[in-house]
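Enquirer: With the input below, show me the fold.
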Amino acid sequence: MYSSRKLLWLLPLLMCLPGCGVYSFSGAHIEGKNINIHPLDNQALNVVPSLASTITNKLSSRILSQTGLTPVNRDDADYDMSGAITAYAVTVTAATGVQVASKNRLTISVNITFKNRLNEKANFSTTFTRFSDFDATQILQNVEAALIEDIGNQLADDIFNKAFVNW
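Expert: Numbering: from 1, shown residues only. Coordinates of the predicted model:
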């Protein structure tokens, strides 16, 4: 009786021991311990002053909160992520019968270079693009912060999934 209670106590502990890496609830497989996330450079033709720092912060928050990696500022980090915002554009997506815009779209593209020093097959350089539509009667400056928030979250999810979940 005593030994079976002891075994039941140890079973949950044994199940918590890691295998060949760390898995998170997001489905990420993390082999390394640290990451160097460089600030994004804003190379878009239309420059919003806070855009690069906003998207860099969203990306950092997403990665650090989901992986447990330690942020470092070294060239020998297990993972290295750098990139640039390559597009920030507003286009018309829908028009009424009288050729008047009814919907506009804000599109942001980010080119990311990811280096995995523990598994070079996981390295990539990819452009990620996301957009959000808004009513054409709205002034961009009035909805821009919310649109950037939404698009930034989508981009951070896409980049995280490509780097750590292999989507």
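
Enquirer: Dihedrals phi and psi, residue 49?
Expert: phi -50, psi -40 (degrees, to the nearest 10).

Enquirer: and it, how far is that from residue 121?
Expert: Per CB to CB, to the nearest Å, residue 49 is found 38 Å from residue 121. To be clear about C-beta, it is placed using only N, CA and C from the backbone, and glycine gets the same treatment.

Enquirer: Could you give the number of residues near the nearest residue to residue 78 once chain neighbours are set aside?
Expert: What sits nearest to residue 78 in space, not counting adjacent residues and going by CB to CB, 6 or more residues apart in numbering, is residue 32, at 2.7 Å. Residues near residue 32, counting by other CB atoms under 10 Å, number 17.

Enquirer: which ones are touching residue 32?
Expert: Going by CB atoms under 8 Å, 6 or more residues apart in numbering, residue 32 touches 69, 77-79, 116-118.

Enquirer: In three-state terms, label it for me.
Expert: coil (DSSP: H, G, I helix; E, B strand; the rest coil).

Enquirer: low-scoring pLDDT stretches of the chain, where are they?
Expert: Along the chain, the parts satisfying pLDDT under 70 run over 1-27, 95-101, 167.

Enquirer: Any idea what residue 114 is bridged to?
Expert: residue 81, residue 124 (DSSP bridges).

Enquirer: Enumerate every residue touching it.
Expert: 79-81, 122-125, 159, 162-163 are the contacts of residue 114 under CB under 8 Å, 6+ apart.

Enquirer: All the strands of the chain, in order from the start?
Expert: 22-23, 29-30, 34-37, 41-42, 70-71, 79-95, 101-116, 124-135 (DSSP state E).

Enquirer: Columns distance to residue 53 on top of these, output as TSV?
Expert: Shown next, in TSV, are these (distance: least, CB to CB, whole Å):
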stretch	distance to residue 53
strand 22-23	29
strand 29-30	25
strand 34-37	12
strand 41-42	9
strand 70-71	15
strand 79-95	11
strand 101-116	13
strand 124-135	18
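
Enquirer: these two touch, right, residue 69 and residue 28?
Expert: No - contact between residue 69 and residue 28 fails when scored by CB atoms under 8 Å: they sit 9.8 Å apart.

Enquirer: Show me what counts as buried in the helix ranked longest in the chain.
Expert: Using DSSP state H, we find that the single longest helix of the chain is helix 140-160. For helix 140-160, the neighbour count (16 or more other CB atoms under 10 Å) marks 143-144, 147-148, 150-152, 154-160 as buried.
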